[in-house]
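Peer 1: sequence and predicted structure, then a few things I'm wondering about:
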Amino acid sequence: MMAIGRTIRDEFDWPLFIAVSTIALFGVLNLYSATDGGTTSDAYVQQLYWLILGFGAAGVTVAIDYRYFERYGWVIYGACILALVLVFVLGKSVRGSTRWIALGGFSLQPSELMKIGLVIALAKYLHHDTKTGGRTLADLIIPGLILALPTALVLLQPDLGTAMVLAFIFASVMMLTELKARSVVTLIATFVVAAPVTWFYLLKDYQKERITAFWSRVGGTQADLLDSGWHAHQSLVAIGSGGLAGKGFTQGTQTRFRFLPDQHTDFPFPVWAEEHGFIGAILLISLYLFLILWALRIASQAKDRFGAVVAVGVGAMIFWQTVVNLGMVSGLLPVVGMTLPLFSYGGSSLLSTMLGLGLLMNVSMRRFSH
Amino acid sequence: MITLSQRREVGEFRKRYRWMALFVVLVFGTLIVRVAQVQLFQRNRWSGIAQQNITKTLELPATRGVIRDVAGRVVASNRPSYNVHATPGLLRIPEDVERIATLMGLSEEDTAALTTRLVELPENRRTHQLELYSDISREQLAALETHLAELPALDIVTVPLRDYPYATLGAHLIGYLNEVNETDLRDAPDPGIYRAGDRMGRSGLERRYEELLRGTRGYRRVVVDARGRALEGTRPQSLEVEMLKKPVPGHELQLTIDMQLMEALDRAFRQHPSGAAVVVDIHTGAVRALYSKPVYDPNEMSSGLSTQRYQELTSDPFRPLIDKTIYETYFPGSTFKVITALAALQDSVVDPMQRVECLGSIKIGRQKFRCNHRHDWVDLYDAIVQSCNVYFWELAEKVGLERINRYAEAVGFAERSGIGVNSEAKGFLATRDWYKEHYGAFRPGYTLNTAIGQGNTRVTVLQLAMAYAAIANGGTLYVPQVVQNVKAPDGSLSETFQPRVRREIRVLPEHLELLRRALTGVVNEELGTAYRARTREGPLIAGKTGTAQVVSRKSRSGESSSAWYLDRSHGWFAGYAPADDPQVAFAVLVEHGGSGSTSAAPIAVMVMQEYLREPEGEEPE
């Protein structure tokens, strides 16, 4: 802590900072265009406030040696779980699901913070796990429970997208450890059984409809475009009509004439791709790719398990959200509510991402200290 | 630092990072390939949809070209038709229906029919607009428009409708339009030409010149948002489409037809239920009148006939659907005698001055042929003036069937004139072989009948008029033309039709001169068959009367009260005017008018004198 002044100068992770800042800045610009002339035209200002808040939070996170987060890991995890429970008590309902808690002037989405909470909890658990060889299923019970508790709460909201991200973070982190072949087989068998159960008992009708619409499009039957396929279709129209160079900033017709659904939350990439074309799209995707590979690099240089797991967890969080969001808007995956980290409008999402990136920076900067 | 936990071994994790990085790169590679596919390779497709998304195309129909007569009088034009459209789902039954009925002055029957129509509409059609009434009257329009605000389900749509100011006059020639059907849409040379609901020319000039008359439709595009709201004045840069394409009106046709002459003919035919008349310019072949009676109403035809109405039209004994000027053929009767005379003169088988004694009948072989009355001694001139059959029978024996037919062909019989509008009958000339085949053997009597225009010779009214035009102009047989010129939408001439000569008939001027003197005598000599049709004033008319026997219909039409009338002969008068300086030739046929001298000749003389008196009709530009 006392060495902060020196480390910032010498060990500050500039590539990480620049990549994150660039994506976030693009996000604000894109938000300006996406909402220009609409009823939410000041959204980009709010996003800027959240961004400043996010950088501030990340700064605080960086300042504290990450080993403190390790020490208070369970407290952080417990606080996140408590916030999730509070959603059901204090939460407000938007479009059929309860995800937000009103905090003074703005709303907070605890499920977003839960992603960081989960990363820290898993890191703490693996940090203290003395095993170095192959693990059995029994060894997965405790981390499994760490995942299951928040996932169940999130599914109750219901928020399928976040539940998926939690599961993906867990799976990615656990990939760091070795699993015995027999256990892998058992896991796959469990999944085969669980999938139909999920489909018939857990998914809501509108979620099933989107998945059906996706598969009918993949199968070439081109389901009725007025239904769920409409969103994915208009998204492809936006991306495709951007061409090589795009239609120009604030010139996207799909955006301006409201053909894109949720253009500032779930569909900001089509707005970007329509206005900046293939060149812009590749630039943005490359920045994400760099960010994730950089997180893996930080993990590989981490001096302890906690740091490595945190880096992989934060990297996984950004990776899966990015891939699912881009896959969904480009028609490769069904439409599920999933934001593009750093780029989508949304305070909680931005804040939790920035906290995660703060942790990443933290691990990166302390890779040399002992 | 001491307070913080011990660092743990991270060696176990190390071997996984490479695989993770590889996985990340592969997944991102897939995304990049996908984005490249959508943005670079499918770009045109998605751009097209993006442009379609934000544009709504409103079609602008083209104005169909106007058709005018020789003097510029409008024969076919366009007027607005006001149609009542309704969205059935928004109509309250019975309140709104009663309101509509009151405003439009509908009968109880019509109101009930409207209610039934609306009630029986299937549920899924109720949100689609429906045409309730088309072409409503001005009073109905005024009443509906004042109360339109109270009836949100209603819409009044204005569409251009073809209008024929002369109604039935010349309807066969001008033709009519009706709605395109699936076959037309499929067979159109360019899919953009017709839309369902469009009308196209179905007969007459409307059909013949469809391509020129219809024009080219245009469109106006407006920028709309996802909810379909029009955003006026917005024009995104990426929009690469034309926002406005003005419709190009159709070409204008100017006919050679003189509607004033047509009206004069119609007045002159007032006493006769059916007949036909053709008037042509002898120097150009330009047709001045093509009159057929009775006629269907083109407005009725364009709205689509009911089966019952169609049956009425087809069973009408006066056959309104048939254009009697070019589609029906008749025995030419004595009007044919000039052809027989021409054949005899040209081939020098007769001395025109040589007289023949007519005793009222002639016996050839075992058959006795009757003349209309006893003409005593007549030469060729007298025989034409008085229409003496005996003279021509004797002549026929000398001339023979082949020569007669040859000259009949020379003046254009048994051959389509080439007028180019509607279907034209060819007519018929019976040959020796034909007689043998159909009647078993050839008998000399057939030649005799042919010589006086009975036999089996059949001509159209137009063919006869063209033949007389050739006699009047010195032997030039023209192709009849009904269109004088075509004007482009900007008013410039795009095509002018020059006279087209079919052939020069090789005849000596003195022979034609003799025939023309005789034709003048028919009207102007006391013994002439059309002398009683003559009038004191006005230019002299020349022509030949004829009476064509009608094949008895008794066997066909049964005991119909009109049967006696339908068995009467047709009256002909064909000729030219003025007699001393011919300008126009004509052929007038009064169906079942009896003798040509009492039915057709007065019509021809009256109309020709009126026509030639008209300063504007005399020498049309």
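Peer 2: Okay, I see it.

Peer 1: which stretches of the stretch 251-370 of chain A have low pLDDT?
Peer 2: A:262, A:369-370 (pLDDT under 70).

Peer 1: 90 instead?
Peer 2: A:251-267, A:303-305, A:328, A:331-339, A:345-349, A:366-370 (pLDDT under 90).

Peer 1: need the residues of the stretch 1-150 of chain A near chain B, please.
Peer 2: Where the stretch 1-150 of chain A comes near chain B, counting by CB under 8 Å from any CB of the partner chain, the residues are A:65, A:67, A:68, A:70, A:71, A:127, A:128, A:132. In short, each C-beta sits where N, CA and C put it, glycine included.

Peer 1: now list the buried members of these.
Peer 2: Buried by 16 or more other CB atoms under 10 Å in any protein chain shown: A:65, A:67, A:70, A:127, out of the residues of the stretch 1-150 of chain A next to chain B.

Peer 1: of the residues of the stretch 1-150 of chain A next to chain B, which belong to helices?
Peer 2: A:67, A:68, A:70, A:71, A:127, A:128 (DSSP state H).

Peer 1: any idea how far residue A:358 is from the third one?
Peer 2: Read it as residue A:70. Distance, residue A:70 to residue A:358, by CB to CB, to the nearest Å: 15 Å.

Peer 1: repeat for the last one
Peer 2: Using CB to CB, one gets 23 Å for the distance from residue A:128 to residue A:358.

Peer 1: then the first one?
Peer 2: In this structure, residue A:67 and residue A:358 are 15 Å apart, going by CB to CB.

Peer 1: so residue A:58 touches residue A:358, yeah?
Peer 2: Yes: counting by CB atoms under 8 Å, residue A:58 touches residue A:358, with 3.3 Å between them.

Peer 1: distance from the chain centre to stretch B:63-74, please.
Peer 2: Mean-position distance between stretch B:63-74 and its chain equals 14 Å (CA atoms, centre = their mean, to the nearest Å).

Peer 1: in that stretch, what counts as buried?
Peer 2: B:63, B:64, B:65, B:66, B:67, B:68, B:69, B:70, B:71.

Peer 1: residue A:167 is in what secondary structure piece?
Peer 2: Element membership for residue A:167 (DSSP states H and E) is helix A:160-174.

Peer 1: in that helix, what's buried?
Peer 2: Buried residues in helix A:160-174 (16+ other CB under 10 Å): A:160-170, A:172-174.

Peer 1: with stretch A:11-23 instead?
Peer 2: A:13, A:16, A:17, A:19, A:20, A:22, A:23.

Peer 1: please apply the same query to stretch A:233-247.
Peer 2: A:233-243, A:246-247.

Peer 1: next one: stretch B:379-397
Peer 2: Buried, per 16+ other CB under 10 Å, within stretch B:379-397: B:379-396.

Peer 1: got the end-to-end distance for it?
Peer 2: 16 Å (CA to CA, to the nearest Å).

Peer 1: how far off centre is that stretch?
Peer 2: 40 Å.

Peer 1: repeat for stretch B:352-363
Peer 2: Offset of stretch B:352-363 from its chain centre (CA atoms, centre = their mean): 46 Å.

Peer 1: likewise stretch B:293-307?
Peer 2: With CA atoms, centre = their mean, you get 12 Å for stretch B:293-307.

Peer 1: who touches the helix or strand harbouring residue A:18?
Peer 2: Assigned by DSSP H and E, residue A:18 belongs to helix A:14-35. Applying CB atoms under 8 Å, 6 or more residues apart in numbering or on different chains, the contact partners of helix A:14-35 are A:41-44, A:47-48, A:51, A:54, A:249-250, A:252, A:255, A:260, A:263-264, A:268, A:271-272, A:275, A:284, A:287-288, A:290-291, A:294, A:298, A:340, A:342-345, A:350, A:357, A:360-361, A:364.

Peer 1: ok, now stretch B:235-248?
Peer 2: Here stretch B:235-248 has contacts from A:241, A:247-248, A:251, A:253, A:256, B:47, B:50-51, B:54-55, B:60-63, B:215-223, B:489, using CB under 8 Å, 6+ apart.
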